[in-house]
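Novice: how would this look folded up:
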Amino acid sequence: MTVSPTSGFMSFLRINDGAHDHDNADHHINNKTKQFHQIVRTQIAKDIEVLFAYAKLPSPLLDACQYVMTGQGKLVRPLLVASAFASVNDDRWQSEAQPISPDISETMTQGNTATPLLESLLENDSDYDMARRAALAVELLHTYSLVHDDLPCMDDDALRRGQPTAHIVFTEATALLAGDVLQTLAFEVLTAELPTFTPFDAAIASQLLAVFAPRARRMVSGQTLDLNAEANPDITQSQLEAVHRDKTGALIEAAMLMGGICAGATAQTRMALQECAQHLGLAFQVQDDILDVTTSTDTLGKPAGSDEKLDKSTYVKLMGVEQATSYAQSLFNDGRAAILRELSGSKDTNALLALIEWLWSRKK
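Specialist: Numbering: from 1, shown residues only. Okay, the predicted model is just below:
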């Protein structure tokens with residue numbers, strides 16, 4: 001497989017930046033960001049098909065896996081992998097390339113040409129394909145956690161991503177096994193011999209596993225802490241944050257670090273990515289708590305008010321909607337600051353900063 005310089009999510013700078021589309025529901029996001037996110041979603045959809053063809057799962061297990069992996073999810077974690085990967089790649093190009101004239105620079109960012117350095121970054125099939133593997137891994141693990149979360153023994157939800165949950169469409173046993181196999185595939189995909197991928201890079205794969213495995217464990221630990229915190233009127237903010245640094249934040253950390261690793265991020269850049277991810281992980285959960293009480297079921301794609309129904313400990317319950325919103329904004333600001341200290345650009349030239357802007361504006 002050869003990756004052309006204009007394909008995939010190798011670079012954010014290489015995408016044409018059109019005018020804002022005010023007729024679109026995402027009018028606060030420019031066309032470059034929309035195009036980049038669509039590239040990632042299209043790539044993930046193709047790669048999921050390839051993975052399931054490789055896995056040769058029996059029915060109804062395959063049917064359940066396809067059902068939950070091809071819904072209307074936001075794909076936040078694959079987008080984090082891709083955005084971290086592209087941001088580090090673009091930063092390397094900007095910092096290492098020879099000075100060029102403004103007119104050539106403008107042409108390059110419009111997607112018409114590229115320097116030899118950028119071309120070499122874009123055509124490094126192995127690094128790009130390891131990022132594709134990482135994006136699949138985090139989405140597989142995340143979706144497994146949702147399938148198990150929805151089971152009657154957990155949150156007992158009937159709606160997810162705007163459609164009936166897996167145990168409603170299939171059976172509870174099939175949903176349970178679908179979650180199990182998605183979890184195993186999340187690790188297998190990092191080194192599997194997949195037909196549309198270059199052979200895995202052993203050095204990168206070992207680094208990805210070292211980041212991914214402990215954070216997968218932390219995610220499950222966080223879910224347990226969340227169950228333990230239900231109906232606890234005395235929970236403090238620090239205790240609630242401890243729950244969500246693992247339950248929500250761990251996989252967000254993994255996604256950003258894995259994207260950076262695939263792009264050859266330095267130790268200092270990885271530290272910045274982790275710091276940003278820690279802020280985003282908490283911000284994302286605070287947002288979820290706010291949306292649960294301020295947004296309709298139709299918009300959310302899952303039952304609104306479910307946190308209150310399950311008597312969960314939330315930031316809204318702890319501090320109210322207004323203060324929780326301010327707290328979420330401060331966390332997003334801290335995440336931006338961590339990236340800006342290490343990587344160049346703005347929300348118009350840096351995929352991670354553009355993604356943070358998109359996340360802050362989300363309504364579901």
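Novice: In contact with the closest residue to Pro195 other than its chain neighbours, which residues?
Specialist: If the residues on either side of it in the chain are set aside, Pro195 comes closest to Val50, at 6.5 Å by C-beta to C-beta, 6 or more residues apart in numbering. Placement of C-beta: from N, CA and C, glycine included. With C-beta atoms under 8 Å, 6 or more residues apart in numbering as the criterion, the residues that contact Val50 are Leu194, Pro195, Thr196, Phe197.
Novice: okay, stretch 283-296 in PDB with CA atoms only?
Specialist: Included here for stretch 283-296 are C-alpha records, laid out as PDB according to Å, rounded to 0.1, in the frame of the first residue of the first chain:
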ATOM      1  CA  ALA A 283     -13.500  18.200  30.800                       C
ATOM      2  CA  PHE A 284     -15.200  15.500  28.700                       C
ATOM      3  CA  GLN A 285     -16.800  13.900  31.700                       C
ATOM      4  CA  VAL A 286     -18.000  17.200  33.200                       C
ATOM      5  CA  GLN A 287     -19.600  18.000  29.800                       C
ATOM      6  CA  ASP A 288     -21.300  14.600  29.800                       C
ATOM      7  CA  ASP A 289     -22.800  15.300  33.200                       C
ATOM      8  CA  ILE A 290     -24.000  18.700  32.000                       C
ATOM      9  CA  LEU A 291     -25.500  17.400  28.800                       C
ATOM     10  CA  ASP A 292     -27.300  14.700  30.700                       C
ATOM     11  CA  VAL A 293     -29.500  17.300  32.400                       C
ATOM     12  CA  THR A 294     -29.600  20.000  29.700                       C
ATOM     13  CA  THR A 295     -30.100  18.000  26.400                       C
ATOM     14  CA  SER A 296     -32.900  15.900  25.000                       C
END
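Novice: Using PDB, write down the CA coordinates of stretch 312-328.
Specialist: Presented in PDB, the C-alpha positions along stretch 312-328 are these (Å, rounded to 0.1, in the frame of the first residue of the first chain):
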ATOM      1  CA  LYS A 312     -24.800   8.700  40.100                       C
ATOM      2  CA  SER A 313     -22.400  11.100  41.600                       C
ATOM      3  CA  THR A 314     -21.900  13.900  39.000                       C
ATOM      4  CA  TYR A 315     -20.300  17.300  38.700                       C
ATOM      5  CA  VAL A 316     -23.800  18.900  38.200                       C
ATOM      6  CA  LYS A 317     -25.000  17.400  41.400                       C
ATOM      7  CA  LEU A 318     -21.800  18.500  43.200                       C
ATOM      8  CA  MET A 319     -21.600  22.100  41.900                       C
ATOM      9  CA  GLY A 320     -24.600  22.900  39.700                       C
ATOM     10  CA  VAL A 321     -24.800  23.500  36.000                       C
ATOM     11  CA  GLU A 322     -23.300  27.000  35.900                       C
ATOM     12  CA  GLN A 323     -20.300  26.200  38.000                       C
ATOM     13  CA  ALA A 324     -19.700  22.900  36.200                       C
ATOM     14  CA  THR A 325     -19.800  24.700  32.800                       C
ATOM     15  CA  SER A 326     -17.200  27.100  34.000                       C
ATOM     16  CA  TYR A 327     -15.100  24.300  35.300                       C
ATOM     17  CA  ALA A 328     -15.300  22.400  32.000                       C
END
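Novice: Give the buried residues for that stretch.
Specialist: Using 16 or more other C-beta atoms under 10 Å as the burial criterion, the residues of stretch 312-328 that qualify are Lys312, Ser313, Thr314, Tyr315, Val316, Lys317, Leu318, Met319, Ala324, Thr325, Tyr327, Ala328.
Novice: circling back: I'd like the contacts of Val50 as TSV, with pLDDT and neighbour count appended.
Specialist: As requested, these are exported to TSV (pLDDT from 0 to 100; neighbours: other C-beta atoms under 10 Å):
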residue	pLDDT	neighbour count
Leu194	96	21
Pro195	93	8
Thr196	91	14
Phe197	95	22
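Novice: which one of these is nearest Leu80?
Specialist: Nearest to Leu80 among the contacts of Val50, counting by C-beta to C-beta, is Phe197 at 20.2 Å.
Novice: now that closest one, what's its secondary structure?
Specialist: Taken by DSSP: H, G, I helix; E, B strand; the rest coil, the conformation at Phe197 corresponds to coil.
Novice: distance of it from Gln38?
Specialist: In this structure, Phe197 and Gln38 are 21 Å apart, going by C-beta to C-beta, to the nearest Å.
Novice: element containing the residue nearest to the spatial centre of the chain?
Specialist: Within the chain, the residue whose C-alpha comes closest to the C-alpha centroid is Arg77; the distance, by C-alpha atoms, centre = their mean, is 1.1 Å. When elements are assigned from DSSP states H and E, Arg77 belongs to helix 76-96.
Novice: what residue ranges in the stretch 1-150 of the chain score low on pLDDT?
Specialist: Counting by pLDDT under 70, the ranges of the stretch 1-150 of the chain that qualify are 1-7, 16-29, 96-124.
Novice: which stretches of the protein form strands?
Specialist: In order along the chain, the chain carries the following strands (DSSP state E): 159-160, 163-164.
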